[in-house]
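Participant: Need the 3D shape of this:
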Amino acid sequence: MIRLRVCALALLGTLAAVTPAAAVGDAVAFKLDGHDNILVPIAVAGRNGSATFWFLLDTGSNRSSVSEDVVARVGAPIVARTTVVTGTGNILRPVVSIGSLTLGSKRADELPAIVQPAAALRDLHIDGILAQDFLARWTYTLDFRHKRLLWDVLSGEDDADASGPLKLHESEGRLLVDLPQGSDRIVQLVPDSAATSLVIFDRAGTSARARLALHPARTGMRRLTTMTGDTLVQTAIVDRLQVGTHLLRDQLAVIVNRHERDAPEGDGLLPLSWFQSVTFNGPDGYLVVRR
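Facilitator: Take a look at the predicted model:
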């Protein structure tokens, strides 16, 4: 069987020596790893001082995370414990209070962060995850073509290749984008910078499979690897997916069972690496993608 990586379902990566990318004004250069995940340099401060680390920028996660090594290095106190929902189960993790977290010109103070085992962060060469608890308060553009994050820049809104504004709304700290599919059908997907494939959640009674054109004869099974283990998942081909003015055809999708009662809302995950740039305007509640 083919091993399929879907980072948005709690896949994390490893620690590495840090040579921070340059931040010029409101532009921050980022790196893309072998799976098109965005890695950004984050200044983390605590009781023991501050240091710069590489974080995975994950627009599909609601809570930021740091490794045990970051906690020890900067001196971040444990303030709580929380249950983390992953693709293969629930796990209990400590929560620390970070003195400050800074990316380019933007800073958040006393940000709670989930502590991840250092061993769980080895494959992607990261020290933590930057999530919507930091990102959602600002407007920013992820420019995949030039590998940079632009704060307060509404890139692509007036471009002929732009999707037009797509409605965003918040659910349990995550952002969902409304994607009308015609004939009063709307699919709500998490715009996810860490997803390596289109993901469709199969829910009892309200499945997105009924609102998307899935090709029933072109399905299969793949092995999904997450931080907590492996599981087999079904795949299918989505014949048509409308993302604003962009029509995407014949896209491979991973079908993930979400029948549990406390499963987060949404119909699946939309990988942002498909696009040249993506603008999040959290304060005004819309998204713009450009191909």
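Participant: Residue 253 versus residue 78, what's the distance?
Facilitator: Going from residue 78 to residue 253 by C-beta to C-beta, to the nearest Å gives 39 Å. Placement of C-beta: from N, CA and C, glycine included.
Participant: okay, those two: which has more neighbours?
Facilitator: residue 253 (23 against 11; other C-beta atoms under 10 Å).
Participant: Please name the residues that touch the more buried one.
Facilitator: 197-200, 214, 235-238, 268 (C-beta atoms under 8 Å, 6 or more residues apart in numbering).
Participant: and if we set it to 7 Å?
Facilitator: Residue 253 makes contacts with 197-200, 235-236, 238, as judged by C-beta atoms under 7 Å, 6 or more residues apart in numbering.
Participant: Adding pLDDT, write the residues you listed out as a markdown table.
Facilitator: Shown next, in a markdown table, are these (pLDDT from 0 to 100):
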| residue | pLDDT |
| --- | --- |
| 197 | 89 |
| 198 | 93 |
| 199 | 91 |
| 200 | 90 |
| 235 | 88 |
| 236 | 87 |
| 238 | 90 |
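Participant: out of the residues you listed, who has the most neighbours?
Facilitator: residue 199 (28 neighbours).
Participant: Helix or strand: which one has that one?
Facilitator: strand 198-202 (DSSP states H and E).
Participant: Neighbouring strands of that strand in the sheet, and parallel or not?
Facilitator: Paired strands of strand 198-202, with direction, are strand 246-257 (parallel), strand 268-271 (antiparallel) (DSSP bridges).
Participant: Out of those, flag the one nearest residue 112.
Facilitator: Set against residue 112 and scored by C-beta to C-beta, the strands paired with strand 198-202 come closest in strand 268-271, at 23.9 Å.
Participant: that older thread, nearest to residue 276, out of the contacts of residue 253: which one, please.
Facilitator: residue 198 (17.5 Å).
Participant: Might you report the residue contacts of that closest one?
Facilitator: Per C-beta under 7 Å, 6+ apart, neighbours of residue 198: 238, 251-253, 268, 270-271.
Participant: cool, residue 285 as well?
Facilitator: Per C-beta under 7 Å, 6+ apart, neighbours of residue 285: 167-169.
Participant: Among the contacts of residue 198, name the buried ones.
Facilitator: 238, 251, 253, 268, 270-271 (16 or more other C-beta atoms under 10 Å).
Participant: ok, residue 38 touching residue 28?
Facilitator: No. Under the criterion of C-beta atoms under 7 Å, residue 38 is not in contact with residue 28, lying 10.3 Å apart.
Participant: Would you format the strands paired with strand 198-202 as JSON lines with distance to residue 187 and mean pLDDT included?
Facilitator: Compiled in JSON lines, the strands paired with strand 198-202 are given as follows (distance: least, C-beta to C-beta, whole Å; pLDDT from 0 to 100):
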{"stretch": "strand 246-257", "distance to residue 187": "11", "mean pLDDT": "89"}
{"stretch": "strand 268-271", "distance to residue 187": "8", "mean pLDDT": "95"}
